[in-house]
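*Asks:* All I have is the shape, not the residue letters:
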């Protein structure tokens, strides 16, 4: 019985030992290329970011063409999260991380 349990533990630990031995060799990323001569970014296509402090919380407001489309809320005692505008008329959807947002179709079928 003792040998069986030892064998079972060895079988369960074998994949972890193999994964630990196969560490990939990491190399630093190359420097990004320089912008072409004479290139200047268009300020109209860049988002305008406004940082607002409310108490100890920090709110970054992102606007494009004067329209607020995203907010980053950084609470003083928690993890930052984003509020993203779902559509022009709708409300805000919370986005906690870099994962994909769930896009729900909002088709207008009938209007009275």
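*Replies:* Structure received. Values in this document were obtained by computation on a predicted structure and should not be read as measured data. Numbers count the residues shown, from 1 in each chain.
*Asks:* contacts, neighbours, all on C-alpha from now
*Replies:* Will do.
*Asks:* Would you map the strands across the protein?
*Replies:* For the chain, the strands defined by DSSP state E occupy 48-54, 57-64, 67-74, 81-85, 92-95.
*Asks:* buried stuff in the shortest one?
*Replies:* Applying a neighbour-count criterion of 16 or more other CA atoms under 10 Å, one finds residue 95 buried in strand 92-95.
*Asks:* chain center to that strand: distance?
*Replies:* Relative to its chain's centre, strand 92-95 lies at 12 Å (CA atoms, centre = their mean, to the nearest Å).
*Asks:* what packs against that strand?
*Replies:* Packed against strand 92-95 by the contact rule (3 or more CA pairs under 8 Å, 6 or more residues apart in numbering; DSSP states H and E) you find strand 81-85.
*Asks:* Paired strands for the strand it packs on, with orientation please.
*Replies:* Strand 81-85 sits in its sheet next to strand 67-74 (antiparallel), strand 92-95 (antiparallel), going by DSSP bridges.
*Asks:* which residues are in contact with the shortest one?
*Replies:* Around strand 92-95, the neighbours that count as contacts under CA atoms under 8 Å, 6 or more residues apart in numbering are 81-86, 101.
*Asks:* pLDDT averaged over that strand - what is it?
*Replies:* Regarding strand 92-95, the rounded mean pLDDT is 80.
*Asks:* Tally up the residues packed near residue 73, please.
*Replies:* If you count neighbours by other CA atoms under 10 Å, residue 73 ends up with 20.
*Asks:* what's the answer for residue 91, then?
*Replies:* Count around residue 91 with other CA under 10 Å applied: 10.
*Asks:* Could you tell me how far it is located from residue 36?
*Replies:* 41 Å (CA to CA, to the nearest Å).
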